[in-house]
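**Student:** Structure for the following, please:
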Amino acid sequence: VSTQSTGHLKGFILEALEAENEGIRTHAIKFIEVLVLCQSLHPNPPEDGSEVCVNLIPPDHATLDSSSLKAEGGVAFQSLVNFTTTQSVTPMNLMTSIGSLTNVAKQRPNYLGPVVQVFESLHANLP
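**Tutor:** Prediction:
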């Protein structure tokens, strides 16, 4: 699988957040959660490589650029945040995205601040 086709697939799944089918949106949320975790720095990467993260990519890797992967992960995180705070999100997908954001914040503390801001915004804006 080429990097170009992988990028195309990621873009397709990010667009699935706007799908009509609620189940497709739910699976897109879970994919984005994993994408963000894989394409971000782990604060304490396991020595055995049991968790995939950007830390595992050597600086001189021939095809993978860790800085562009981190940037892509940040874009994916922001799309999840935007989806979570839209007025049109369904209750089921709101719960799924809240769970995904919680998992991201627990495993990647650098995202904790933005996740807390999303939760504060939800608390203030939900009926």
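**Student:** Quick one, grab the pLDDT at residue 1.
**Tutor:** The predicted local confidence for residue 1 comes out at a pLDDT of 59.
**Student:** Kindly report the same for the one 10 residues further on.
**Tutor:** Listed pLDDT for residue 11 reads 90.
**Student:** And the next helix or strand past the helix or strand hosting it?
**Tutor:** With the criterion set as DSSP states H and E, the secondary-structure element containing residue 11 is helix 3-15. Next in sequence after helix 3-15, counting helices and strands by DSSP H and E, comes helix 22-38.
**Student:** what angle sits between that following helix and helix 3-15?
**Tutor:** Compare the direction of helix 22-38 with that of helix 3-15 by axes from the mean of the first three to the mean of the last three Cα atoms, to 10 degrees and you get 130 degrees.
**Student:** For residue 32, see how far away the residue nearest to residue 64 when sequence neighbours are not counted is.
**Tutor:** In space, residue 64 comes closest to residue 57 once its chain neighbours are excluded; the distance is 5.0 Å by Cβ to Cβ, 6 or more residues apart in numbering. Heads up, the C-betas are built off the backbone N, CA and C, glycines and all. Residue 57 sits 20 Å away from residue 32, going by Cβ to Cβ, to the nearest Å.
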